[in-house]
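>>> sequence first, predicted model second:
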Amino acid sequence: MRRKTKQVLSRVGGIVLLAVLSILINHYITVTEKETFQDTPQPKGIMEVHFIDVGQGDAILVEVDDSTMLIDAGENNKGNLVKEYLENHGITKLDYVIGTHPHSDHIGGLDTILDAFEVQKILLPNVVHTTKTFEEVLDTVERQNLKITAPQVGDHYYLGTASFTILGPSSDSYEELNNYSIAVKITFGDTSFLFAGDAEALSEREMLQTGLDLRADVLKLSHHGSAYSSCEEFLDAVSPTYAVISVGKDNEYGHPHPETLQAVAVHNIKLYRTDEQGSIVFSSDGQTISVNTQD
Ligand SMILES: [Zn+2]
């Protein structure tokens, strides 16, 4: 009897010890993250943002010194194109990979990328999709021993001396898969870029409600220039100097829609399109932005 009591007591002691340890660890991590984040790191060198021409789809590479991020990787059959583009730019590892949402024109090429490069962190929205493409991405994530992070609105991350903030999705339940798109604003010195995958007006209005600063110099127009995105209030709030549409020539959806092109013109935004200009590269020194379409 006595021995049994002792065993039970030591087991209880072990559980208590574990609980105390996990509380301490959690506390430590939370405190550390909060204390080390500065909103505006001093920009060093040049930040490049590449809108890679993947036809109908998105693939965006962000480089800040040695730090790199890839937002989407085009369709299934564009994975190798994106991989070669990255290799040609001397990329061997990616600090962040964002799969904005599970449609194949965004995450199709991701499995190729995850297999080819050392990836530190992968961000995906908290939604599942029953397609082979989505399953391939999940399988690759598992094979590469990665852990998926579903970011929350307001989360901050560093990318070298740039930083980015999660603007969306605000909700965890939408009818339309596009609205789950992870939206980020990257800030480098005084310059900033906003990307929101295929987020539609509903998700854009939720971004307005977060109270976060949406102003950006460069806006990737959501959903390949669809009329269901880039609503008036959103364009007013972001108030970009430049906009980019990542879109395929003669696509079956009629993207970009005339309404979007008109809104861009009315707002006096300088527009770039991958179907007309191929890959488009923006460079920022933290103060000014230049554009190169000859890449
Ligand atoms: Zn899309």
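Yep, that arrived.
>>> contacts and neighbour counts: CA atoms only from here.
Fine.
>>> distance from stretch 41-52 to the middle of the chain?
15 Å (Cα atoms, centre = their mean, to the nearest Å).
>>> what residues does that stretch touch?
The contact list for stretch 41-52 (Cα atoms under 8 Å, 6 or more residues apart in numbering) reads 58-65, 82, 85, 161-163, 188-189, 246, 274, 278-286.
>>> same check on stretch 243-263?
With Cα under 8 Å, 6+ apart, stretch 243-263 has contacts from 51, 53-58, 218-222, 224-227, 230, 232, 264, 269-276.
>>> can you tell me which of those residues are buried?
51, 53-58, 218-222, 224-227, 230, 264, 269, 271-275 (16 or more other Cα atoms under 10 Å).
>>> look up how far residue 273 lies from residue 190.
Counting by Cα to Cα, to the nearest Å, the gap from residue 190 to residue 273 is 24 Å.
>>> the strands in the stretch 51-200 of the chain, which residues?
60-64, 67-71, 93-98, 118-123, 148-149, 156-159, 162-168, 183-188, 191-195 (DSSP state E, counting those that start in this stretch).
>>> mind listing what the longest one pairs with, with the direction of each?
The reference is to strand 162-168. strand 156-159 (antiparallel), strand 183-188 (antiparallel) (DSSP bridges).
>>> do the same with the shortest one
Sheet pairing of strand 148-149 (DSSP bridges) gives strand 118-123 (parallel).
>>> then the second one?
The pairing partners recorded for strand 67-71 under DSSP bridges are strand 60-64 (antiparallel), strand 93-98 (parallel).
>>> dump those into CSV; add mean pLDDT as well.
Below are the strands paired with strand 67-71 laid out as CSV (pLDDT from 0 to 100):
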stretch, mean pLDDT
strand 60-64, 98
strand 93-98, 98
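>>> so which of those is nearest residue 173?
strand 93-98 (19.4 Å; Cα to Cα).
>>> kindly export the closest one (C-alpha atoms) in CSV.
Extracted in CSV, the C-alpha atoms of strand 93-98 (Å, rounded to 0.1, in the frame of the first residue of the first chain):
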residue,chain,number,x,y,z
LYS,A,93,16.9,28.7,-49.2
LEU,A,94,13.6,30.4,-48.5
ASP,A,95,12.9,31.9,-45.1
TYR,A,96,9.2,32.1,-45.7
VAL,A,97,6.9,30.4,-48.2
ILE,A,98,3.3,31.6,-48.2
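>>> good, we can wrap up now.
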